[in-house]
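Undergrad: Turn this into a structure:
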Amino acid sequence: MKKTISLIILSIGLLILAACGSNEGSSKESEKTDINIGATAGPYSDQIKESIAPLLENEGYTVNVTEFSDYIQPNKALEENAIDVNVFQNAIYLEQFNEDHNMDLVASYAVPSAPIALYSDKHDSLEDIKDGMKVTLPNDPTNLARSLHMLVDFGWVTIDDSVKQTTASEKDIIDNPYNLDVQPIEAAQTPRSLNDSDFAFINGNFALAADLNLSDAVAIEDTPEDYLIYVTLRSGEENEAFAQALENAYKSQEFLDYTNEHLKGYVKPPYQNELEEK
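TA: I've put the predicted structure just below:
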C-alpha cells in the first residue's frame, strides 16, 4: 500500500514538473523576437539600420524597418499595431497629435537629432534679407511654430505675445517689417522649395535626405530637449522585453561611438552626454 501511495505521489510530481516545463517553453516561444520599427526616410532610419539593428540582432532579435515620408502615417501605423515603435517626432508634436487623434502613444526617450535649420540656394547670411523675400516653412503646427520663433529671433517678424509659443502660426504675425512672403508647405517639400524661395526652414531628417549639410545652413536652431526626436511606443509597452532591448541599444557605448563618428552636428540626448562624462 505504501509503495502504491509513493508511486502516485511520484507520478503527480512528474506531472507538475512537466507542466512547469511546458509553461516555460510556451513563454519562450511566445517571447517577441521581431521588432518592427517605423521611421522617416533619412537619418533616423539610417541610425537604426546602420547601428541599432545590428546591436539588436546580436541579442537575437530580427529588426524590420518601414520608412515613411510624412508625419501622420507613422503614428497611425503604431496605433494600429502595424509597427511596434516609431522614430520620427518630437515630444511636443506627439502631445498635440495624441490630443487631436485620441491616441495614447508615449514619447519614451530622445535620440540624436538633426536640428531644424534655415537653408538657401541664393543667400549665405541672415544679413542678405531684403523686402519682399519668400520664406517657406513646414506646415505642421509644431515645426511651423519653431520656424516662426526663429524668424522672431532674427528680427524679421514679430509674433503676438498672447499666442502659445508651441502653436503660433503665420496668422499670428503682427509685424512684418520686410514684407516677407511667409509660406507654410508640406514638410517633405521644403527642400524642393529652395528652387523658388529665398530661404527655407527644413527639418533635419528631410534636409539630410536631400543631401543638405548642416554646415551649409544659414542658421541652425538651438534645439531644446522637447524638440529632439523621440522613440515612441504604445502606452503600457515601455517595459516589454523588446522595448527594453531597444532602449539598451540606443543608450549603449557602441551607439555613442556611432553617433560621434557619423552624426556630427546632431544634438545629443541627455543620456549620451552623461555617458561621455563618465
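
Undergrad: Count the residues that sit near residue 253.
TA: Residue 253 has 11 neighbours, counted by other C-beta atoms under 10 Å. All C-beta spots, glycine's among them, are computed from the backbone N, C-alpha and C.

Undergrad: Isn't it up against residue 274?
TA: No - applying C-beta atoms under 8 Å as the test, residue 253 and residue 274 come out as separate, 11.9 Å apart.

Undergrad: how many neighbours does residue 232 have?
TA: Counted with other C-beta under 10 Å, residues neighbouring residue 232 total 22.

Undergrad: just the one 10 residues further on next, same as before
TA: Number of residues near residue 242 (other C-beta under 10 Å) recorded here: 21.

Undergrad: do the one 3 residues further on as well
TA: Other residues near residue 245 number 17, with proximity taken as other C-beta under 10 Å.

Undergrad: again, but for the one 3 residues further on
TA: Counted with other C-beta under 10 Å, residues neighbouring residue 248 total 13.

Undergrad: What strand or helix carries it?
TA: Residue 248 is part of helix 241-250 when elements are defined by DSSP states H and E.

Undergrad: Residue 41 against residue 67, yeah?
TA: Yes - here residue 41 reaches residue 67: they are 4.2 Å apart, a contact under C-beta under 8 Å.

Undergrad: can you give me the strands in the stretch 101-250 of the chain?
TA: 105-110, 117-119, 134-138, 158-159, 173-175, 181-185, 199-202, 219-220, 229-234 (DSSP state E, counting those that start in this stretch).

Undergrad: Out of those, which is the most enclosed?
TA: Of all the strands of the stretch 101-250 of the chain, strand 199-202 has the most neighbours on average by mean count of other C-beta atoms under 10 Å, namely a mean of 28.

Undergrad: Grab the CA positions of that strand and hand them over as PDB.
TA: The C-alpha trace of strand 199-202 is given here as PDB (Å, rounded to 0.1, in the frame of the first residue of the first chain):
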ATOM      1  CA  PHE A 199      15.100  80.900 -47.600                       C
ATOM      2  CA  ALA A 200      13.500  77.600 -46.400                       C
ATOM      3  CA  PHE A 201      13.300  76.100 -42.900                       C
ATOM      4  CA  ILE A 202      13.900  72.400 -43.300                       C
END
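
Undergrad: Now do it, average pLDDT.
TA: With pLDDT averaged residue by residue, strand 199-202 scores 98.

Undergrad: what are the pairing partners of it, and which direction each?
TA: strand 117-119 (antiparallel), strand 134-138 (parallel) (DSSP bridges).

Undergrad: would JSON lines of those strands with mean pLDDT and distance to residue 234 be doable?
TA: Converted to JSON lines, the strands paired with strand 199-202 look like this (pLDDT from 0 to 100; distance: least, C-beta to C-beta, whole Å):
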{"stretch": "strand 117-119", "mean pLDDT": "98", "distance to residue 234": "32"}
{"stretch": "strand 134-138", "mean pLDDT": "98", "distance to residue 234": "26"}
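
Undergrad: Export these as a markdown table, with columns for distance to residue 98.
TA: Formatted as a markdown table, the strands paired with strand 199-202 follow (distance: least, C-beta to C-beta, whole Å):
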| stretch | distance to residue 98 |
| --- | --- |
| strand 117-119 | 27 |
| strand 134-138 | 19 |
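
Undergrad: mind checking which of the ones you listed is nearest residue 215?
TA: The closest of the strands paired with strand 199-202 to residue 215 is strand 117-119. By C-beta to C-beta, the value is 10.1 Å.

Undergrad: Alright, that wraps it up for me.
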